[in-house]
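Enquirer: need a 3D model of the following:
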Amino acid sequence: MKNILFKILPALLLSVSLFSCSKNDMQGDKGNMNKAQKTMSAQKESIAQNSLYQLSGDWTNQYGKEVSLNQLTGKVQVTAMIFTHCGYACPKMVDNMKAIEEKLPKELKNKVDFLLISFDSKNDTSARLNQYAAQKQLDDSWTLLHGSSDQVRMLSMLLQIQYAPLQGGGFNHSNAITILDKEGGISQRIEGLEINVDQAVNAVKEAVNRS
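Expert: Below is the predicted model:
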C-alpha cells in the first residue's frame, strides 16, 4: 500500500492549479484546471484507500515537539491546511472547525481531535503556531503542525489541497476540511468556506462509527 501511495505523487504534482485565499478565486487557465480535476478524480479512490500516516518524516507541533503523523492514529482527525497570517479564508475554516467541535455529542469528544497543517514552513514556527492557537482559543484537542516545504507539498497532494506562494507573501490555496479516520484514511472532504455544520458533524460521526 505504501508503494501505491507514493507512486501517485508525481502525477499529482504535475496537476497543481491554484485558488485564491481572498474572497475572489484567482482565475487560472481553464484547460489546466480541467486537466487537474480529471487527474485528481482518477486518483481519488487510490488515495482514500491508503493511510496518510504512512508518510515518513517528523513534523513539529505548536509546543516545539517533533511528531510523526502516525502518532495521530487512534482518533478521527478533522483536518485543514492553513497559514497563520491568512486574513480571511483560513480563520473562516478554523471557525468552521470550532463550530463542528462545539456541536459534537459529548460521547464523541474523546474520539475526535482537530489538526491544522501550515503551508508556511518559513514563518509558521512552533512559537507562532502556539500564539495562533491561543488567539483562536484552541485547546489541547487541537494539533498544529509545521514541516519542511517538501513535507507540506506531499501532504497537500494527498489531501487534494492546491496552493502556491505569492510574491508579496501569503499563499493562494483551495479551502477544504478533510475528515480522517482513525487510521489516517480520507473519510470525507468538505469543500468551501460556507459549510453545513450539522452535516459536517454527521460526517464526523460516520467516520467514528466506521473506524
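
Enquirer: would you quantify the distance from the residue most central in space within the chain to residue 198?
Expert: Central residue of the chain (C-alpha atoms, centre = their mean): residue 80, 3.0 Å from the mean position. With distances taken as C-beta to C-beta, to the nearest Å, residue 80 is found 19 Å from residue 198. C-betas here are computed from N, CA, C, even on glycine.

Enquirer: what ranges does this protein have for its strands?
Expert: Counting by DSSP state E, the chain has these strands, from start to end: 58-61, 66-68, 76-82, 112-118, 142-146, 163-165, 171-173, 176-180, 186-191.

Enquirer: okay, those in TSV with distance to residue 106 and mean pLDDT next?
Expert: Below are the strands of the chain laid out as TSV (distance: least, C-beta to C-beta, whole Å; pLDDT from 0 to 100):
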stretch	distance to residue 106	mean pLDDT
strand 58-61	26	96
strand 66-68	27	96
strand 76-82	15	97
strand 112-118	11	97
strand 142-146	18	98
strand 163-165	36	81
strand 171-173	34	80
strand 176-180	19	97
strand 186-191	21	95
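
Enquirer: so which of those comes closest to residue 100?
Expert: strand 76-82 (6.0 Å; C-beta to C-beta).

Enquirer: export that closest one as CSV, just CAs?
Expert: Extracted in CSV, the C-alpha atoms of strand 76-82 (Å, rounded to 0.1, in the frame of the first residue of the first chain):
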residue,chain,number,x,y,z
VAL,A,76,-10.7,10.8,14.0
GLN,A,77,-8.9,13.9,12.8
VAL,A,78,-10.8,16.9,11.5
THR,A,79,-8.1,18.5,9.3
ALA,A,80,-7.3,21.6,7.4
MET,A,81,-4.3,23.3,5.8
ILE,A,82,-3.8,27.0,6.6
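
Enquirer: got any ranges where the protein has weak pLDDT?
Expert: For the chain, applying pLDDT under 70 flags the ranges 1-49, 211.

Enquirer: what's opposite the residue nearest to the centre of the chain in the beta bridge?
Expert: Beta-bridge partners recorded for residue 80 (DSSP bridges): residue 116.

Enquirer: now do residue 68
Expert: As for beta bridges, residue 68 partners with residue 58 under DSSP bridges.

Enquirer: could we number from 49 for the rest of this?
Expert: From this message on, residue numbering opens at 49, which makes the last subject residue 116.

Enquirer: give me the neighbour count for it.
Expert: Residue 116 has 13 neighbours, counted by other C-beta atoms under 10 Å.

Enquirer: hmm, it is touching residue 108, no?
Expert: No. Contact criterion C-beta atoms under 8 Å: residue 116 and residue 108 do not qualify, at 10.9 Å.

Enquirer: and the closest residue to residue 193 other than its chain neighbours, how far from residue 250?
Expert: Nearest residue to residue 193 in three dimensions, chain neighbours excluded: residue 107, at 4.3 Å (C-beta to C-beta, 6 or more residues apart in numbering). Distance, residue 107 to residue 250, by C-beta to C-beta: 30 Å.

Enquirer: between those two, which is the more surrounded one?
Expert: residue 107 (22 against 13).

Enquirer: quick check: that one touching residue 191?
Expert: No. Using C-beta under 8 Å as the test, residue 107 is too far from residue 191 to be in contact (9.1 Å).

Enquirer: overlap in contacts of those two?
Expert: Common contact partners of residue 107 and residue 191 (C-beta atoms under 8 Å, 6 or more residues apart in numbering): residue 115.
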